[in-house]
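Asks: make a model of this:
(one chain, ligands or ions: 1)
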Amino acid sequence: MENRILGIHHITAIAGDAKRNFDFYTKVLGLRFIKRTVNFDDPGTYHFYFGDEQGSAGTILTFFPWGNIQKGSKGAGMATEIGYAVPKGSFDFWMKRFETYHVPYDQPAERFGEKYLSFTDPDGLTLELFEAKETDIRKPYETDEVKADVATLGFYNTTLTLNSITATAKILTDIFDYKLVAQEGNRYRYSTDAIAHANVIDLLELPSEKRANNAGGTIHHIAFRVENDEIQMAFREKIAKMGLNITPQIDRNYFHSLYFREPGGVLFEIATDNPGFTVDEPLEELGKSLKLPAQYESQRKQIEAHLVKLD
Ligand code: ZN
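Replies: As a prediction, the model looks like this:
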């Protein structure tokens, strides 16, 4: 594989109630629960990972469910929409499902000549379904209620809301090798040809938009994907050279991470493919039991007693 950014690795958002979050993403949306762990910086709370069968990069949505956290608000300096690709012709299924489960949604609309269906999760997070292109050959994860002909295929895009797109666009084009592929009003679409999916970032320019408040129902960060540590560290050097603060490499057990705040205010991460979600449990068992990083294993009893039951 190439020495490039390979689209989105994962997206992390903040939720309120853990059980409600778990039920929505596994049952209503039909994602696979791929990892049940704790927030490594706050081990009294969960960190949930949802994705496809394998927990493939470009399908992974993660949440910090922080119980009684106040509701945040969207605004400038934040990723504000998450787009999933779904099979063509599946919108009727999804609208019916949203009716059944009382999920707020809008009628399908069109952007850049593509149909999309916008809805919100129980914490008010905005998600969108896009009809997949023929080139999106990803294998859907199937549940009893959400079969392959309608199931999500992974991310299509994400949207960043910014007061000015200039500096953020420069990171995307000059460092991450994305290109401006379309513009519709104040929405600018960037894409990379380094990978065939989860490769679209929309920048929405709203000069007088208030700054976002990052709390419940909002996106915490966007992680971009690289194949390995060596490529990751080469990106670290490029970003540091631009004068931006970037963290050292942090071990997140399932991937290795670097974090930096891009000039528009959005927290970006660069995450590796290695070692992946099967590092501490086999593929069939993903998400079934609570996994703790080594430093918290001795406190397992207290941690488990503190976390709400899910199933
Ligand atoms: Zn992350």
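Asks: what strands line up against whatever helix or strand T37 lives in, and which way round?
Replies: Assessed by DSSP states H and E, T37 sits inside strand 32-39. Sheet pairing of strand 32-39 (DSSP bridges) gives strand 42-51 (antiparallel), strand 290-291 (parallel).
Asks: what's in contact with it?
Replies: 22, 25-26, 44-53, 55, 60, 64, 141, 253-254, 277, 286-293, 296, 303, 307, 310 (Cβ atoms under 8 Å, 6 or more residues apart in numbering). Heads up, the C-betas are built off the backbone N, CA and C, glycines and all.
Asks: just how off-centre is it within its chain?
Replies: Centroid separation between strand 32-39 and its chain, computed with Cα atoms, centre = their mean, to the nearest Å, is 14 Å.
Asks: would it count as contacting the ion?
Replies: No. Applying Cβ under 5 Å from the ion, one finds strand 32-39 separated from the ion by no less than 11.0 Å.
Asks: pull out the buried residues from that strand.
Replies: R32, F33, I34, K35, R36, T37, V38 (16 or more other Cβ atoms under 10 Å).
Asks: nearest to T173 among the residues you listed?
Replies: I34 (32.0 Å; Cβ to Cβ).
Asks: now do the SS call for the closest residue to that closest one other than its chain neighbours.
Replies: Residue nearest to I34 in three dimensions, not counting chain neighbours: G55, with 3.9 Å by Cβ to Cβ, 6 or more residues apart in numbering. Secondary structure assignment for G55 (DSSP: H, G, I helix; E, B strand; the rest coil): coil.
Asks: check K96 too.
Replies: At K96 the chain is in helix, as set by three-state DSSP.
Asks: count the neighbours of it for me.
Replies: Neighbourhood size, K96 [other Cβ atoms under 10 Å]: 10.
Asks: do G276 as well
Replies: If we define neighbours as other Cβ under 10 Å, then G276 has 14 of them.
Asks: thought it was touching G55?
Replies: Yes. Between G276 and G55 there is a contact under Cβ atoms under 8 Å: 7.1 Å.
Asks: now do the shared contacts for the two.
Replies: Common contacts of G276 and G55, defined by Cβ under 8 Å, 6+ apart, comprise Y254.
Asks: pairing partners for the helix or strand hosting L129, with directions?
Replies: Following DSSP H and E, one finds L129 within strand 126-131. In the sheet, strand 126-131 lines up against strand 78-86 (parallel), strand 114-120 (antiparallel) (DSSP bridges).
Asks: residues contacting it, please?
Replies: 74, 80-91, 94, 114-121, 152, 156-157.
Asks: the closest residue to the ion within the stretch 101-250 of the chain: what's it in contact with?
Replies: Here the residue of the stretch 101-250 of the chain nearest the ion is A223; by Cβ to the ion that distance is 4.4 Å. Applying Cβ under 8 Å, 6+ apart, we find A223 in contact with I8, H9, H10, I11, T12, F255, S257, F268, E269, I270, A271.
Asks: my guess is the first one contacts S56. True?
Replies: Read that as I8. No. Assessed by Cβ under 8 Å, I8 is found out of contact with S56, at 11.2 Å.
Asks: now A148, what's its secondary structure?
Replies: coil.
Asks: quick one: it and R138 touch, right?
Replies: No. Look at A148 against R138 with Cβ under 8 Å: they stay out of range, at 11.0 Å.
Asks: quick one, which of those two is more surrounded?
Replies: Legend: neighbour count by other Cβ under 10 Å for A148 and R138, higher for R138 (18 against 11).
Asks: and the helices in the protein, which stretches?
Replies: 18-23, 91-100, 166-170, 229-241, 300-306 (DSSP state H).
Asks: name the nearest residue to A167, ignoring sequence neighbours.
Replies: In space, A167 is closest to P263, 3.6 Å off (Cβ to Cβ, 6+ apart).
Asks: near the ion, which residues of the stretch 1-150 of the chain are found?
Replies: Within the stretch 1-150 of the chain, the positions lying close to the ion (Cβ under 5 Å from the ion) are T12.
Asks: could you do the stretch 201-311 of the chain as well?
Replies: A223, E269.
Asks: what pLDDT does the model give the closest residue to F119 other than its chain neighbours?
Replies: Spatially, and ignoring its direct neighbours in sequence, F119 is nearest to Y105 (3.8 Å; Cβ to Cβ, 6+ apart). Per-residue pLDDT puts Y105 at 98.
Asks: dump the residue contacts of the spatially closest residue to V146 that is not a sequence neighbour.
Replies: Nearest residue to V146, sequence neighbours excluded (Cβ to Cβ, 6+ apart): G30, at 2.9 Å. Each residue near G30 by Cβ under 8 Å, 6+ apart is listed here: Y141, E142, T143, E145, V146, A151, T152.
Asks: please spell out the ChimeraX selection for the buried subset of those residues.
Replies: Selection of buried members from the contacts of G30 for ChimeraX, criterion 16+ other Cβ under 10 Å:
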select :141,146,151,152
